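>>> give me coordinates for this.
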Amino acid sequence: MFAAFPYTPYGIQQQLMTNMYEALQSNQFGLFESPTGTGKTLSVICSTLKWLENERLSQAAASLEAGGEETSLPDWMRPSQSAPGLTDAPQTAAAKHARARKQAVPNQVLLDEEGHDLSEFLIGDNSAAGKGPSATSASGAAKRRAPEVDYASTSSEDEADTPAATAAAYEAHGVAEKHKQPQMIFCSRTHSQLSQFVRELHRTRYADSTTLVAVGSRKALCVNDEVRRLEELNHINERCLDLQRNKGSSSSRKAASLGPETFATAVEQEGMDHGGQGYSNSLQKTSQQRGSKARQKRSNKASGCFFLAAKKDAASWESFKELVLAAPIDVEELANMGRKQKICPYYGCRRAVPSADVILAPYSAVLMPDARESLGIQLEGSVVVFDEAHNLLDAINGAHSTAVSAWQLMSVQRSLTAYYERFRIVLNPSNAQHVKTMLQIAATLHSCLVSPGSQGSSTTASTCGSVLSVNDLLFTANLDHINMFELARWVKDNKMAYKVSGYTALAVEQAAGSVNIHAKQKGKEAAGAVVQDRNKVPGSLNFAAADMGQLSARDGVSAIHAFVAFLLSLTNPDADGCVIMEPASSSNPAASTAPAAGAQSNQTAAGNAEAAPAVRGGRLRYVMLNAARHFGRLLTSARSVLLVSGTLAPIDGLSAQLFPDIDPQRLRQFECGHVVPAEQLLVVSVGKGPSGKALNLRHDNRGDHAKQDELGQLLMNVAGVVPEGLVVFVPSFSYLEQLVGRWQETGLLARLQMCKAVFRCGC
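Numbers count the residues shown, from 1 in each chain. Have a look, this model is predicted:
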């Protein structure tokens with residue numbers, strides 16, 4: 001049945017493949033244990049792809065049979081068919097894309113005094129209309145009742161995708177509507193484990209007939225060296241979107257014509273030709289000229305990233321899709337292909353997702369609903385396989401756990417204040433109230449960390465470093481009157497994390513550029529006046545060093561995303577998780593205002609060297625404890641879900657945490673032995689050495705030379721009896737160094753090398 005298996009399978013491999021195939025055929029969920037070295041990956045490939053092959057053949061036969069019956073009927077007896085798309089439900093992907101395109105083009109143009117287009121940061125008037133988050137029409141308990149919609153779901157990878165970027169992904173980058181056939185989605189914890197899947201696939205006949213696409217984060221697939229240098233995922237996401245926001249600029253058009261390397265050289269040379277004032281000169285243009293260029297920018301389809309701008313036609317994206325599907329490749333090969341073809345592999349691979357037979361994805365890309373939607377992964381009718389599933393429980397809880405520090409809360413207050421001051425004139429009352437509510441929450445949570453007694457709670461002492469439920473935190477902080485569900489819906493619908501962080505980055509850059517202009521115009525003798533002028537930059541943040549804590553664009557981006565993620569976590573029921581409050585140390589209250597390392601001047605850093613703890617004055621952490629709540633949604637969407645690992649023990653506990661509501665008839669468990677027969681294994685416990693001394697190797701006794709000599713003599717005796725090789729494991733590399741050093745001194749290592757060739761690993 002499994003002829004694609006490259007070798008004659010062992011009995012346990014045959015049993016494993018048969019059980020997997022039957023689980024898929026019966027729409028079951030499975031837990032499969034297969035020890036390391038038993039060909040687990042090959043077994044998964046051959047069983048799942050065999051089922052996929054048979055399923056598609058049966059679907060094709062059924063479709064052909066249905067078509068044959070209809071063709072035998074007269075035209076007037078055949079069922080009438082509407083034009084495709086006319087009877088689709090309003091929530092189809094096409095409708096979502098249309099809304100994204102509509103939202104991507106604001107109804108009004110808003111320019112600041114410097115001519116920068118701020119329209120994309122403005123909240124639309126048609127969103128979240130109605131009562132504000134502090135409406136009192138319902139009781140506090142009713143307001144915190146968990147709704148059907150999962151507002152707390154947020155993706156660290158793609159939550160920053162803008163409406164414009166989403167529309168671009170569906171139009172310019174060519175994401176298809178929906179896959180028509182079942183797919184196999186293989187998930188693992190690391191990209192190296194996914195690469196192993198590709199290598200094993202090439203050992204079977206399915207490598208020539210199976211289409212495969214590997215998806216990943218921007219961090220894994222971005223080929224723009226400028227963006228890759230940022231390293232942190234949030235910063236990479238924001239910079240990528242920032243380059244798309246800057247589409248149509250003269251620099252992006254130059255990038256499209258010159259190429260990435262040539263363009264970087266040209267920019268550097270241009271700055272030298274103008275005495276390093278190229279950027280300053282561009283900022284000194286009249287506001288009318290800037291406004292004209294900003295309006296022109298809105299209608300230009302070019303991208304600020306070369307790998308998007310240079311290949312903006314649909315034919316190029318379609319060609320890249322065909323290259324991706326031509327042969328199974330892993331993420332590294334996909335990134336190299338994108339660099340070679342000078343096209344973005346992160347967006348390019350999305351077009352191939354609906355057409356692929358197999359999708360390779362890290363855990364986060366499948367566990368997070370936002371990430372699945374962004375990548376175009378659709379679970380309906382498909383099979384999901386989680387490799388190394390002993391990590392799955394921690395991965396689910398970790399993906400839905402959040403944290404925000406006191407310093408980030410302080411940064412968020414500055415960003416929200418600047419955003420509100422800039423846009424309050426054009427915001428409708430409801431949106432303005434929501435922004436002020438976010439500001440109130442950030443300020444209150446910050447006060448809870450830096451001055452726990454300020455909230456007037458009688459439980460202040462007990463909350464220091466304590467564990468609280470969500471409702472306990474809200475009542476303690478006097479935030480129980482706020483409708484968190486309505487606020488969470490408004491935050492997600494309006495992509496507030498993107499808008500606030502985007503405006504913060506622009507304001508920081510604008511303020512920094514203004515300072516440079518004034519410094520170059522007035523010279524070093526006017527440095528004191530420049531410091532005062534920084535606070536007068538129109539439409540920018542208040543960047544006084546004492547008040548702003550040397551806020552940088554990167555810090556603002558990470559802070560607002562951390563705050564929004566934590567805010568959405570506050571919509572979870574008390575039973576699903578808890579909040580851990582880690583207040584600032586009473587001996588170091590000033591730590592909460594310490595900026596990030598490297599973000600402050602040398603003088604400030606020297607003055608605050610002792611007042612900058614690792615967590616910047618405390619933090620709040622939401623820890624998800626109910627993995628079944630989020631994993632259950634995945635189970636209801638997919639046809640079958642298989643958990644595969646070397647060990648899943650204790651299986652009963654894992655089943656209770658991930659499959660509590662699944663009918664036992666739909667849950668299949670299989671545990672196979674090893675390919676090595678039992679008669680070839682011998683397990684012996686040795687308690688004494690050759691001289692009769694006890695082998696007490698507790699940590700306190702490891703430095704005892706007598707114990708080390710006894711252990712070495714035992715190893716020498718065993719090496720003399722075993723005809724072939726030996727593999728010896730010790731508790732740590734440092735202990736291995738101690739043993740080797742001692743045996744070199746006594747000459748035992750030299751005698752051992754005369755008996756066996758000795759190789760050391762990890763030293």
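>>> so which residues of the stretch 551-700 of the chain form strands?
Taking DSSP state E, counting those that start in this stretch to define them, one finds strands in the stretch 551-700 of the chain at 577-582, 619-624, 640-645, 667-671.
>>> with the stretch 301-450 of the chain instead?
So, for the stretch 301-450 of the chain - with DSSP E, counting those that start in this stretch - the strands run 358-362, 383-386, 402-405.
>>> look up phi and psi at A750.
phi -70, psi -40 (degrees, to the nearest 10).
>>> mind listing what it touches?
A750 is in contact with Q744, counting by CB atoms under 8 Å, 6 or more residues apart in numbering. (Each C-beta comes from the backbone N, C-alpha and C, glycine too.)
>>> quick one: it from G216, how far?
According to CB to CB, to the nearest Å, A750 stands 50 Å off from G216.
>>> re the thing from before, for the strands of the stretch 551-700 of the chain, which one ends up most surrounded?
Highest mean neighbour count of those: strand 640-645, a mean of 24 (counted as mean count of other CB atoms under 10 Å).
>>> which outside residues touch that one?
With CB under 8 Å, 6+ apart, strand 640-645 has contacts from 20, 23-24, 27-34, 40, 44, 48, 383-390, 392, 634-635, 654, 658.
>>> which among those residues count as buried?
Neighbour counting with 16 or more other CB atoms under 10 Å marks 20, 23-24, 28-34, 40, 44, 48, 383-390, 392, 634-635, 654, 658 as buried within those.
>>> in helices, which of those appear?
M20, A23, L24, K40, V44, T48, L392, L634, L635, L654, L658 (DSSP state H).
>>> between those residues, which is nearest L118?
L634 (38.9 Å; CB to CB).
>>> touching, that closest one and V366? I think so.
Yes - contact criterion CB atoms under 8 Å: L634 and V366 qualify, at 7.3 Å.
>>> rewinding a little: dump the strands of the stretch 551-700 of the chain into TSV; add mean pLDDT and distance to R205 as well.
Shown next, in TSV, are these (pLDDT from 0 to 100; distance: least, CB to CB, whole Å):
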stretch	mean pLDDT	distance to R205
strand 577-582	92	47
strand 619-624	93	42
strand 640-645	94	22
strand 667-671	91	25
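>>> what sits against the nearest residue to G712 once chain neighbours are set aside?
Using CB to CB, 6 or more residues apart in numbering and skipping residues adjacent in sequence, the residue nearest G712 is L748, 4.5 Å away. L748 is in contact with D709, G712, Q713, M716, counting by CB under 8 Å, 6+ apart.
>>> burial measure for the last one, as a count.
Right, M716. 17 (other CB atoms under 10 Å).
>>> repeat that for the first one.
Using other CB under 10 Å, D709 is surrounded by 17 other residues.
>>> that one: what's it in contact with?
D709 neighbours (CB under 8 Å, 6+ apart): R742, T746, L748.
>>> need the pLDDT of the nearest residue to the second one once chain neighbours are set aside.
Think T746. Once flanking residues are discounted, T746 sits nearest to D709: 6.4 Å by CB to CB, 6+ apart. Each residue has a pLDDT score; the one for D709 is 91.
>>> C-terminal to whichever strand or helix holds D709, what's the next element?
Using DSSP states H and E, D709 falls within helix 705-721. The helix or strand immediately downstream of helix 705-721 is helix 733-746, counting by DSSP H and E.
>>> that following helix to helix 705-721, inter-axis angle?
Here helix 733-746 runs at an angle of 80 degrees relative to helix 705-721 (axes from the mean of the first three to the mean of the last three CA atoms, to 10 degrees).
>>> mind listing what's buried along helix 733-746?
Buried residues in helix 733-746 (16+ other CB under 10 Å): L736, L739, V740, R742, W743.
>>> name the helices or strands packed onto that helix?
helix 705-721, helix 748-755 (3 or more CB pairs under 8 Å, 6 or more residues apart in numbering; DSSP states H and E).
>>> ok, so of the contacts of L748, who is nearest G673?
M716 (33.4 Å).
>>> sorry, back to before: which one of the helices and strands packed on helix 733-746 lies nearest to V227?
helix 748-755 (50.6 Å).
>>> show me where pLDDT drops low in this protein?
67-117, 125-180, 245-303, 309-312, 452-464, 510-557, 585-616, 762-763 (pLDDT under 70).
>>> do you know how far the residue nearest to T746 is from V721?
From D709 to V721 the distance is 19 Å (CB to CB).
>>> got it, and L57?
Applying CB to CB to L57 and V721 gives a distance of 57 Å.
>>> mind putting the helices and strands packed on helix 733-746 in TSV, distance to C448 included?
Formatted as TSV, those follow (distance: least, CB to CB, whole Å):
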stretch	distance to C448
helix 705-721	53
helix 748-755	59
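>>> mean neighbour count, those: which tops it?
Taking mean count of other CB under 10 Å, helix 705-721 is the most buried of the helices and strands packed on helix 733-746, at a mean of 16.
>>> that helix to helix 748-755, inter-axis angle?
0 degrees.
>>> tally of neighbours for the residue nearest to H674 when sequence neighbours are not counted?
Among residues not flanking H674 along the chain, P35 sits closest, at 4.9 Å (CB to CB, 6+ apart). Using other CB under 10 Å, P35 has 16 other residues around it.
>>> contact partners for P35?
G646, T647, C672, G673, H674.
>>> any idea which element the residue lying closest to the third one once chain neighbours are set aside lies in?
In this structure, C672 finds its nearest non-sequential neighbour in I12, 4.2 Å apart by CB to CB, 6+ apart. Taking DSSP H and E as the definition, I12 sits inside helix 11-25.
>>> which residues in the stretch 301-450 of the chain form helices?
306-309, 314-326, 331-341, 345-352, 363-367, 369-375, 392-399, 406-423, 429-450 (DSSP state H, counting those that start in this stretch).
>>> right, and the ones you listed - which one's nearest L625?
So among the helices of the stretch 301-450 of the chain, helix 392-399 is nearest, using CB to CB, at 6.7 Å.
>>> what does the closest one rub up against?
156, 189, 363-364, 367-368, 386, 623-625, 627, 630-631, 643, 654, 657-658.
>>> mind running it again at 10 Å?
For helix 392-399, contacts defined as CB atoms under 10 Å, 6 or more residues apart in numbering pick out 153-156, 187, 189, 362-364, 366-368, 371, 386, 388-389, 391, 401, 577, 623-631, 634, 643, 645, 648, 653-654, 657-658.
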